[in-house]
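Undergrad: here are the coordinates; sequence isn't available:
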DNA sequence: TTCGGTCAAGTGGTACGACCAATCTGCCTG
DNA sequence: CAGGCAGATTGGTCGTACCACTTGACCGAA
């Protein structure tokens, strides 16, 4: 029965400290904090490193250690590693992404503030004005990013942010390898517009359906390399 | 432009090593590995600690450091901390949970293997036979756990596992405080049975709807303390 | 032979102390 | 007042020593 490698007395003490201090607050210097907690600087730094990795602490040499809002970079790194080590498949990750995006579409339609929804429209306009495949990719990325942040849902954006970069890189890599799928602008715009219109109409169910349709098309294109129709 | 606190040359070297060695493999001893990578044991341990926190490494004193399948404990810890530090709300976390569970329901209905689905049925039967509120809770927990694992989707179970414990604790705590919501057995069973039947029928859409209904009821009960009906 | 304990080597965990590198502060200079 | 320079502060790395736990080999008794 091994002890939890991530939760012990020292970690709990630090967790409590983080809870007390607010977001953005600075922790005492390591040397001082170590003495106060009755532990060596080595052991303290070990736990601080963990919390930094989780994205709840930010350390800057010469400055100090600060409490920050939960950041997704650590999770993103872990997912990337797990993906490349074959502990996770692109398909399973994508499945999670689809689920989150549908939820985001529904919440954005229900309670998204107009300004944030306008950003979604802006991304769609950029997509229509895109000149290169890279431009389309960027607009596509911005569209989904704007949709997620329109929900104002911190957990949703946290998870989605962690996955977005990983999937984006993995998909582009696979697409380059297959040489197909040339990112037709009209197709891309057509795939995103219904969702945006559902947001404007504040129609939660329509937004959910549009999201499902969007990813269904994406999935079909991705898994069926052939371009012709019977 | 601060350097990424989670990805540097040393971390990348370790990532590569983890990719090469398979799951379950043992890494070289820290002293040896540090020398081979031309770095002190301190710096090496710093990065190993990160990877252990992310759940891709497991270290056992006296034994060694091993590559393991991505484990959710670190993420769970981070979510728990973010929740108690008010960087994340229960509602937003629950929203993610709902999205994942619906996706799981659909995938389990589509491709879940019969044995795994039988485990879902077993949990439902346990719920019907439950004698205490705790028994109901346990069966409830097992039901959703079985559903998730029936998908065979690693990413889905990873995220869901990380959230389950956090939400379970948070909800029970809130429920205890409110003193309402006495966990009626008939209600619980009725809330879960349609989903199980959709799985048996391999009806993906029905499973998705049943999941939505389940959590809608859950949400209503949770946010509306009053028990009477108009 | 088989079981049990003992012991030594190996491995991760912690502790100090020293120094390096980036940052911040405040004083000084122009 | 503006700019820069120097010292103090703070996180990052290093090396060494020692502790705690695991493992496996060895030995002796049943």
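TA: That came in fine, so what should we check first? It should be emphasised that the depicted structure is a prediction, and the values quoted were computed from it without experimental measurement. Residues are numbered from 1 along each chain as shown, chains lettered A, B, ... in the order given.
Undergrad: how far does the helix or strand where residue A:45 lies sit from its chain's centre?
TA: Element membership for residue A:45 (DSSP states H and E) is helix A:41-54. In this view, helix A:41-54 has its centroid 24 Å away from the chain centroid, taken as CA atoms, centre = their mean, to the nearest Å.
Undergrad: quick one: that helix near DNA strand C?
TA: Yes: using CB under 7 Å from any atom of the strand, helix A:41-54 reaches DNA strand C at A:41-43, A:46. C-beta: built from backbone N, CA, C; applies to glycine.
Undergrad: stretch A:69-81 near DNA strand D anywhere?
TA: No: contact of stretch A:69-81 with DNA strand D (CB under 7 Å from any atom of the strand) is absent, the minimum separation being 14.2 Å.
Undergrad: mind jotting down where the strands sit in chain A?
TA: Along chain A, the segments classed as strands by DSSP state E run A:57-60, A:64-67.
Undergrad: mind putting the ones you listed in JSON lines, distance to DNA strand D, mean neighbour count and mean pLDDT included?
TA: Formatted as JSON lines, the strands of chain A follow (distance: least, CB to the nearest atom of the strand, whole Å; neighbours: other CB atoms under 10 Å in any protein chain shown; pLDDT from 0 to 100):
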{"stretch": "strand A:57-60", "distance to DNA strand D": "4", "mean neighbour count": "17", "mean pLDDT": "97"}
{"stretch": "strand A:64-67", "distance to DNA strand D": "4", "mean neighbour count": "17", "mean pLDDT": "98"}
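Undergrad: how about those strands, which one is nearest residue A:21?
TA: Evaluated over these, closeness to residue A:21 peaks at strand A:64-67, with 5.4 Å, by CB to CB.
Undergrad: just checking, what packs against that closest one?
TA: For strand A:64-67, the elements it packs on are strand A:57-60, judged by 3 or more CB pairs under 8 Å, 6 or more residues apart in numbering or on different chains; DSSP states H and E.
Undergrad: and the residue of chain A closest to DNA strand C?
TA: residue A:62 (2.3 Å; CB to the nearest atom of the strand).
Undergrad: who in chain A is up against DNA strand D?
TA: Of all the residues in chain A, those lying near DNA strand D are A:2, A:27, A:29-32, A:41-42, A:45, A:48, A:59-65, going by CB under 7 Å from any atom of the strand.
Undergrad: would you check that residue A:89 makes contact with residue B:152?
TA: No: counting by CB atoms under 8 Å, residue A:89 does not reach residue B:152; the two are 10.4 Å apart.
Undergrad: would you mind listing what in chain A touches DNA strand C?
TA: Checking chain A against DNA strand C by CB under 7 Å from any atom of the strand, the hits are A:5, A:39-43, A:46, A:60-63.
Undergrad: switch to 6 Å and redo it
TA: Neighbours of DNA strand C within chain A, by CB under 6 Å from any atom of the strand: A:39-40, A:42-43, A:46, A:60-63.
Undergrad: what about chain A, any weak spots by pLDDT?
TA: A:1-3, A:178-183, A:218-230 (pLDDT under 70).
Undergrad: try it again with 80
TA: A:1-5, A:171-172, A:174-184, A:217-230 (pLDDT under 80).
Undergrad: how many residues are close by residue A:111?
TA: Here the number of neighbours of residue A:111 (other CB atoms under 10 Å in any protein chain shown) works out to 13.
Undergrad: what subset of the residues of helix A:41-54 next to DNA strand C is buried?
TA: residue A:46 (16 or more other CB atoms under 10 Å in any protein chain shown).
Undergrad: residues contacting the spatially most central residue of chain A?
TA: In chain A, the residue lying closest to the centroid (CA atoms, centre = their mean) is residue A:161, at 1.1 Å. For residue A:161, the contacting residues are A:72, A:76, A:148, by CB atoms under 8 Å, 6 or more residues apart in numbering or on different chains.
Undergrad: what about the first one, neighbour count?
TA: Going back to what we said before, that points to residue A:72. By other CB under 10 Å, 18 other residues sit near residue A:72.
Undergrad: again with the last one
TA: Counted with other CB under 10 Å, the burial measure for residue A:148 works out to 26 neighbours.
Undergrad: contacting residues around it?
TA: Contacts of residue A:148 by CB under 8 Å, 6+ apart are A:100-101, A:104, A:156-157, A:160-161.
Undergrad: just the ones of the residues you listed in helices?
TA: The helices, defined by DSSP state H, take in A:100-101, A:104, A:156-157, A:160-161 from those.
Undergrad: nearest to DNA strand D, of those residues?
TA: Nearest to DNA strand D among the ones in helices among the contacts of residue A:148, with distances taken as CB to the nearest atom of the strand, is residue A:161, at 22.6 Å.
Undergrad: how long is stretch A:52-70 end to end?
TA: 10 Å (CA to CA, to the nearest Å).
Undergrad: name the nearest residue to residue A:44, ignoring sequence neighbours.
TA: residue A:34 (4.4 Å; CB to CB, 6 or more residues apart in numbering or on different chains).
Undergrad: surely that neighbour meets residue A:48?
TA: No: using CB under 8 Å as the test, residue A:34 is too far from residue A:48 to be in contact (9.9 Å).
Undergrad: what about these two, which has more around it?
TA: residue A:48 (22 against 19).
Undergrad: and the more buried one, how close does it get to residue B:190?
TA: 49 Å (CB to CB, to the nearest Å).
Undergrad: looking at it, residue A:85 is touching residue B:18, isn't it?
TA: Yes: assessed by CB under 8 Å, residue A:85 is found in contact with residue B:18 at 5.8 Å.
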